[in-house]
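Peer 1: Dropping a prediction and its sequence here:
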Amino acid sequence: MPAVSKGDGMRGLAVFISDIRNCKSKEAEIKRINKELANIRSKFKGDKALDGYSKKKYVCKLLFIFLLGHDIDFGHMEAVNLLSSNKYTEKQIGYLFISVLVNSNSELIRLINNAIKNDLASRNPTFMCLALHCIANVGSREMGEAFAADIPRILVAGDSMDSVKQSAALCLLRLYKASPDLVPMGEWTARVVHLLNDQHMGVVTAAVSLITCLCKKNPDDFKTCISLAVSRLSRIVSSASTDLQDYTYYFVPAPWLSVKLLRLLQCYPPPEDAAVKGRLVECLETVLNKAQEPPKSKKVQHSNAKNAILFETISLIIHYDSEPNLLVRACNQLGQFLQHRETNLRYLALESMCTLASSEFSHEAVKTHIDTVINALKTERDVSVRQRAADLLYAMCDRSNAKQIVSEMLRYLETADYAIREEIVLKVAILAEKYAVDYSWYVDTILNLIRIAGDYVSEEVWYRVLQIVTNRDDVQGYAAKTVFEALQAPACHENMVKVGGYILGEFGNLIAGDPRSSPPVQFSLLHSKFHLCSVATRALLLSTYIKFINLFPETKATIQGVLRAGSQLRNADVELQQRAVEYLTLSSVASTDVLATVLEEMPPFPERESSILAKLKRKKGPGAASALDDGRRDPSSNDINGGVEPTPSTVSTPSPSADLLGLRAAPPPAAPPASAGAGNLLVDVFDGPAAQPSLGPTPEEAFLSELEPPAPESPMALLADPAPAADPGPEDIGPPIPEADELLNKFVCKNNGVLFENQLLQIGVKSEFRQNLGRMYLFYGNKTSVQFQNFSPTVVHPGDLQTQLAVQTKRVAAQVDGGAQVQQVLNIECLRDFLTPPLLSVRFRYGGAPQALTLKLPVTINKFFQPTEMAAQDFFQRWKQLSLPQQEAQKIFKANHPMDAEVTKAKLLGFGSALLDNVDPNPENFVGAGIIQTKALQVGCLLRLEPNAQAQMYRLTLRTSKESVSRHLCELLAQQF
């Protein structure tokens, strides 16, 4: 690099920096900067031409001001002019300014590209390096397109200097990471690989970085690099520190290059050539041998460099997993680090041993360190090291040490950090299930887990224990006895109540013979916890009570009294109220045979992967999947439940008891088909239409079944298909009430709320939509003390809406008692885009007088929005494609509500579109994208909302692929602001 002459000191820049540093306040600094900017602007605009030194000085000042956090909007052309200078310092400042201040979309890119092209063709190595650095720093696609073909030629040219080759390799790496499709290696591949034999170590280091990145996408094209990498690694490892004096770091020869070569080799399987493989094994053994030698320096830099190579070597040994001797030696070496005084080394050793534990060759060697790892779990001060110790215990667990490891992890769980408790709970649950030799130990372990860390026991864990107990006849009695005893504790976690409620409801009869656990005692014990639990747990306990009526008829009167209590029948929560009403009716009306059929014992669950294991994979990330899945150590071992849980693909008709118990996360298995006689009997009892045979759920029903309703289906609904209410047609109903449009507007950006309310009736709405399907729940509340007669809510499709929107309704009871509430379920499918919502007609008699009410149902086209994330470049490209006049709808309007950015953002998200950040140049504007999903077609939609707080105005622009949708969405959204 050329020496900087004494005259290049730029005294004016030094004085300016000194003035800035001496400013006593922010205001003084801004004043000094503004004065300097005015001076620079006048110099640039003056008649007198500036020389290169002055331009360089002023450009440097602008760069310094920019780095202080101030915007610079001029001087770019002067910086570009510096690129044509023949002086190194002036050209360097020009490239520095461009690299920092010029963005990839600048209009000056073409001029900059011409200057770079000239420097690359100049054959001046200093200028070539500056140009390559600028390309890498800017890294725009336009620059990539301009120079992607030239840089490989410079890289492999025989007359290129070493410094230029280094810069070219790193520049090409940067362009490849930004735009892989712009770097076609093809003809250059072999020559780039040959750079591994270059005499200059800097060129080799840069080339290894480039090849490592390239071979991940095209491994076969770069396969020849294996032998060259092994050869170069062998020379480095076998050399003394004096042989590579210029590249020796604290007595360790070329540590960075060694690490890069080892990482490159991890991109491929073990070498097929016996000679190459033998040479590589020698290299790995040499590294392991050197790790045992006394250190040549006490400096931390020496040990860091040495250990970096060692850990990368161990990673390569683990990756190959084919050399038992090396794997065991690596394990022993890591074992020495487990008690090292350096925390980072202990962490890395535990992490590497987790991977070694999955190898059949080194698993036994890893198990020898179990006591050290348990001690680390108990005594380590750093939570991340304790977490790795827990991971290693999980990885080394097998049948021989499962009880020891599970008990230690349970003991540690009592004092574990809150950040890792849930993960340890999942691991204990998985290990207890996978390696249980008797089911009583498994049940005891899970119940102990709930007792110790109940708040961290997820639904997947207690669902799983219920599935396993249900599938194993020999553990059901023990499980019932154990949970009964656990529930007797004064302080009992809610998850324990859930497990106890389910197991006693299913298998409480197995312990009912003991006077200490008689049916009344079981009921009293469960009911004593009822008022302390959440709504979901109370709902499950109500299901247990109705099961008790089937299992223990002697408890029927007591339980009916509980269900009949005002606190249940008039409960504010619709879920509990509905269960209490339906269960009370079921127990009163149905015969013993009917009860036995409806409340039959849960059948065994079909097989599928454990949801606990799936949750742990999600928590640990995709990289941990193979280690978590590993079944190598015990090929004969089976999960005590077969490692399964129900799968939707095996479900046909839901079992009533499964739905009553509300286990939505694990869909229930198919119930055996009932005989025709039994089916007719049930229909007669409940006075419903005959059940129709089904060939399986349609795709729409499959989706809707995934939506979590506010209340489960009643037994009546499960036993007979609901008939849709008759659609009276628009001519049979009156016009919508005057405020119908205003009420509809309230629901454009939300799905839940009160749709209508007067002195007689309240109508609430709760809805969920996904793609072109939706489910809506309408709640009709009688606000009076007089019963509504002939209550009939129906949905009407005005005009052509029948062909655009399909709405299936379930009938509701014709009488609504005073103070009571009934629920109606609507299944909705969007067939085509529509402009008018369906109408809801509610008719009933109150005190003998007929009442009629017509509302607009809150179903608008934006409910079927699918949010779409996209980058700024994709957004603008799509925006230009939707440029036809009929595809755009725009509206400028006055704000009707206070202009709050957070409220606006919430409304746009509620409208259904995805909000895109860093797309609009004005950060005050909002940009969104989404797709309207209908059965017939999909309509892409882009929107832009520009608020003007000063004028209290908005400008809303929507572009979609369909004119009517653009206008309608624009009208809907404009009314929200």
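Peer 2: Alright, I've got the coordinates. Predicted model, so just to flag it, every value in this text is computed and none were measured.

Peer 1: Tell me where the stretch 701-850 of the chain has strands.
Peer 2: 752-757, 761-770, 773-782, 788-796, 805-809, 821-830, 839-846, 849-856 (DSSP state E, counting those that start in this stretch).

Peer 1: The fourth one to strand 821-830, inter-axis angle?
Peer 2: It stands for strand 788-796. 10 degrees (axes from the mean of the first three to the mean of the last three Cα atoms, to 10 degrees).

Peer 1: Which elements pack onto strand 788-796?
Peer 2: strand 773-782, strand 805-809, strand 821-830, strand 839-846 (3 or more Cβ pairs under 8 Å, 6 or more residues apart in numbering; DSSP states H and E). Glycine gets a C-beta too; all of them are placed from N, C-alpha and C.

Peer 1: Figure out which of those strands is closest to F74.
Peer 2: In terms of Cβ to Cβ, the element of those nearest to F74 is strand 821-830, at 53.4 Å.

Peer 1: Direction included, what does that closest one pair up with?
Peer 2: The pairing partners recorded for strand 821-830 under DSSP bridges are strand 773-782 (antiparallel), strand 805-809 (antiparallel).

Peer 1: between those, which gets nearest to V164?
Peer 2: strand 773-782 (61.0 Å).

Peer 1: Quick check: can you list the domain ranges of this protein?
Peer 2: Taking the TED database as the criterion, the chain consists of the domains 435-597, 736-858, 860-973.

Peer 1: of all the helices and strands packed on strand 788-796, which lies closest to D246?
Peer 2: Closest among these, using Cβ to Cβ: strand 773-782, at 68.4 Å.

Peer 1: residue contacts, S517?
Peer 2: By Cβ atoms under 8 Å, 6 or more residues apart in numbering, S517 lies in contact with 481, 484, 508, 511.

Peer 1: my bad, should have said S231
Peer 2: 196-197, 279.

Peer 1: Among those residues, name the buried ones.
Peer 2: By neighbour count, with 16 or more other Cβ atoms under 10 Å, these hold 196, 279 as buried.

Peer 1: Which of the contacts of S231 fall in helices?
Peer 2: R279 (DSSP state H).

Peer 1: between the contacts of S231, which is nearest Y268?
Peer 2: Closest to Y268, out of all of the contacts of S231 and judged by Cβ to Cβ, is L196, at 13.9 Å.

Peer 1: host element of the residue lying closest to the closest one once chain neighbours are set aside?
Peer 2: Distances taken as Cβ to Cβ, 6 or more residues apart in numbering place L228 nearest to L196, at 4.1 Å, with adjacent residues excluded. Assigned by DSSP states H and E, L228 belongs to helix 225-238.

Peer 1: what mean pLDDT does that helix have?
Peer 2: Mean per-residue pLDDT for helix 225-238: 91.

Peer 1: got the helices and strands packed on strand 788-796 as JSON lines, with mean pLDDT columns?
Peer 2: Formatted as JSON lines, the helices and strands packed on strand 788-796 follow (pLDDT from 0 to 100):
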{"stretch": "strand 773-782", "mean pLDDT": "90"}
{"stretch": "strand 805-809", "mean pLDDT": "89"}
{"stretch": "strand 821-830", "mean pLDDT": "90"}
{"stretch": "strand 839-846", "mean pLDDT": "90"}
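
Peer 1: right, and the ones you listed - which one's nearest A580?
Peer 2: strand 821-830 (12.6 Å).

Peer 1: what about the closest residue to S518 other than its chain neighbours, distance to D474?
Peer 2: Using Cβ to Cβ, 6+ apart and skipping the chain neighbours, the partner closest in space to S518 is A512 (6.0 Å). For A512, the distance to D474 equals 18 Å [Cβ to Cβ, to the nearest Å].

Peer 1: Counting neighbours, go ahead and name the busier of these two.
Peer 2: A512 (18 against 9; other Cβ atoms under 10 Å).

Peer 1: What confidence value was assigned to the more buried one?
Peer 2: 88.

Peer 1: For the remainder of this discussion, apply numbering that starts at 26.
Peer 2: Okay, residue one is now 26; in that scheme the one you just asked about reads as A537.

Peer 1: Show the backbone phi and psi for it.
Peer 2: Here is the backbone geometry of A537 (degrees, to the nearest 10): phi -70, psi -20.

Peer 1: surely it meets P545?
Peer 2: No. Applying Cβ atoms under 8 Å as the test, A537 and P545 come out as separate, 9.8 Å apart.

Peer 1: Please put the alpha-carbon coordinates of stretch 210-229 into CSV.
Peer 2: Provided in CSV are the C-alpha atoms of stretch 210-229 (Å, rounded to 0.1, in the frame of the first residue of the first chain):
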residue,chain,number,x,y,z
MET,A,210,-18.8,-21.1,-11.3
GLY,A,211,-18.9,-23.8,-14.1
GLU,A,212,-15.7,-23.3,-16.0
TRP,A,213,-13.9,-21.7,-13.0
THR,A,214,-14.7,-24.5,-10.5
ALA,A,215,-11.5,-26.6,-11.0
ARG,A,216,-9.2,-23.6,-10.9
VAL,A,217,-10.8,-22.2,-7.8
VAL,A,218,-10.4,-25.5,-6.0
HIS,A,219,-6.7,-25.5,-7.1
LEU,A,220,-6.2,-22.4,-5.1
LEU,A,221,-6.0,-24.7,-2.0
ASN,A,222,-2.5,-25.5,-3.3
ASP,A,223,-1.5,-21.8,-3.5
GLN,A,224,1.8,-20.9,-1.8
HIS,A,225,0.3,-17.8,-0.1
MET,A,226,-1.6,-18.8,3.1
GLY,A,227,-3.8,-15.8,2.9
VAL,A,228,-5.1,-16.8,-0.5
VAL,A,229,-5.7,-20.4,0.7
